[in-house]
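Undergrad: whatever this is, show me its structure:
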Amino acid sequence: MDYAEGLFLGKLWSDTDFENRRHYSLFVLYGFFVEAIVIYTYFFEKTLLRIGNFDVIQAVIFAVLFLACPFICFRYYRMPIWGKILVIAEKVLKTMLVVSFTVSRILPHLTVKSGELQDFIINYLNSTLEEYTEKYSSSAGSFSTIIGVLSGGIHVVFMILIIVVAAVLIPGLVFLVYRLLQYCYDWAINKLIIKRFFPSRK
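TA: Residues are numbered from 1 along each chain as shown. Next up, the predicted model:
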């Protein structure tokens, strides 16, 4: 329970030392989780639990939960166990809304249809290898094909690595921006309102 509290409540509302430890693996797992949903939606052409359909309703729910967050959390440690479970569930829901937003921003950039993906990859590989082979044809002579294939292969591997890294980092960065904005807002509300009108929050 302490781990869930530290993960979802954050430093301001949690008594755990979760924020004082490094959790790089969570950052990576979050990125893979988002990309797994993107891949599922891309290949099956349907959403999973409406994740990726970030419409007005989801935006309104997220905005309400975002603004209500400090008032939901500030008496967390005085709540009965069922109340704490509801708060954690609300945090999970808000996290899934962030995932839905991220997926909805990624999917429009996947312009190649899933049924055309194999042909696209083959054409990209062939064109890249041909480009590098022609590039070295005048200077490498009979070795142009070998050098071109090696250079083109390195280029393709490098592009795959960039895509994989971006697929992990971008969702993680979106989530970190959300957590930072939520923390700044919670801190301001806690400082200006909660500590003034509800001095004993725990």
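
Undergrad: okay, the residue nearest the centre of the chain: pLDDT?
TA: Residue closest to the mean C-alpha point of the chain, counted by Cα atoms, centre = their mean, is residue 171 at 2.4 Å. Looking at residue 171, its pLDDT reads 94.

Undergrad: quick one: contacts for it?
TA: 30, 31, 34, 35, 99, 102, 106 (Cβ atoms under 8 Å, 6 or more residues apart in numbering). Every C-beta, even on glycine, is put in place using the N, C-alpha and C of the backbone.

Undergrad: helices of the protein, start to end?
TA: 2-9, 24-44, 56-73, 81-106, 117-140, 144-189, 195-197 (DSSP state H).

Undergrad: export those helices to JSON lines and append columns for distance to residue 15.
TA: Output for those, formatted as JSON lines (distance: least, Cβ to Cβ, whole Å):
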{"stretch": "helix 2-9", "distance to residue 15": "8"}
{"stretch": "helix 24-44", "distance to residue 15": "19"}
{"stretch": "helix 56-73", "distance to residue 15": "12"}
{"stretch": "helix 81-106", "distance to residue 15": "13"}
{"stretch": "helix 117-140", "distance to residue 15": "48"}
{"stretch": "helix 144-189", "distance to residue 15": "15"}
{"stretch": "helix 195-197", "distance to residue 15": "17"}
